[in-house]
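Participant: Mind looking at a prediction? Sequence and model below.
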Amino acid sequence: MWPPSGWSLKGKPDVTATPTRRDVSHTVLGAISAKFVVSMELHNPAEEHSKRIKINFVNRKRKAPGQTKKPASKGTITSHYMKFLEKILDEMDCFPELKDIIMDNAPIHTADQIDEMIVARWYKSIYFPPYSPELNPIEQFWAIVKNKVKRCSFEPTENLPTQITEAPPSCRK
């Protein structure tokens, strides 16, 4: 593949429009136990972000006229994880042998509200040591799920959530 090139008059800069496209990223929140997948949830990124325009006085940024919503946050934030954790704790209530929640040190996992929620439901939160993904079994689980989803071709009736929910049965030993 050749780099984009163009020509211009001598002494004038070359103006080349290079089309770029970035795919939409999705976040999958998941919880597994030693025996089974407890829950998986696909978090779709915000569809629209309100655009900001620059106002020339005092170098302040103001919202474009007619837009009243704040820009939606990108990615997964603590409130998303708290909603997911609440669902997980409800499901874990059906299994009395599940009493510990083991998490890595991701910023959305270490908020004070997360520990308060877990302790209020009589569970115990345990954190992996920093920078130790090799100890975290869900990392191997995600590697298998990602590999399965990447290798599959999508049929017209299938979509990403369908592929993700079909991948965990192949993760069993």
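Facilitator: Received the coordinates, thanks.

Participant: how about the strands of this protein, start to end?
Facilitator: Assigned by DSSP state E, the strands in the chain fall at 27-32, 37-43, 52-54, 61-63, 100-103, 124-127.

Participant: Figure out which of the ones you listed is closest to Met92.
Facilitator: strand 37-43 (6.8 Å; Cβ to Cβ). Any C-beta I mention is one placed from the backbone N, CA and C, and that applies to glycine too.

Participant: Pass me the low-pLDDT residue ranges in this protein, would you?
Facilitator: 1-7, 16-19, 45-75, 156-157, 169-173 (pLDDT under 70).

Participant: now do 80
Facilitator: When residues are selected by pLDDT under 80, those of the chain lie in 1-8, 13-26, 43-76, 152-173.

Participant: what about the spatially most central residue of it, distance to Glu134?
Facilitator: Geometric centre of the chain, nearest residue: Thr27, 2.5 Å, by Cα atoms, centre = their mean. Separation of Thr27 from Glu134 (Cβ to Cβ, to the nearest Å): 22 Å.

Participant: related to what we said a few turns ago, Throw the strands of the chain into JSON lines and include distance to Ile138, thanks.
Facilitator: Formatted as JSON lines, the strands of the chain follow (distance: least, Cβ to Cβ, whole Å):
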{"stretch": "strand 27-32", "distance to Ile138": "6"}
{"stretch": "strand 37-43", "distance to Ile138": "10"}
{"stretch": "strand 52-54", "distance to Ile138": "37"}
{"stretch": "strand 61-63", "distance to Ile138": "39"}
{"stretch": "strand 100-103", "distance to Ile138": "9"}
{"stretch": "strand 124-127", "distance to Ile138": "13"}
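
Participant: Those strands: which one's closest to Pro161?
Facilitator: strand 37-43 (5.1 Å).

Participant: Partner strands of the closest one and their direction?
Facilitator: Sheet pairing of strand 37-43 (DSSP bridges) gives strand 27-32 (antiparallel).

Participant: Bridge partners for the residue nearest to the centre of the chain, pull those for me.
Facilitator: Going by DSSP bridges, Thr27 forms beta bridges with His43.

Participant: how close does it get to Thr76?
Facilitator: 5 Å.

Participant: So what's the residue count around Gln140?
Facilitator: Residues contacting Gln140 under the criterion other Cβ atoms under 10 Å number 13.

Participant: from here on, count from 314
Facilitator: Will do, 314 is the new start, and the previous item becomes Gln453.

Participant: these two touch, right, the residue nearest to the centre of the chain and His356?
Facilitator: Yes: shown here, Thr340 and His356 form a contact pair, counting by Cβ atoms under 8 Å, at 4.2 Å.
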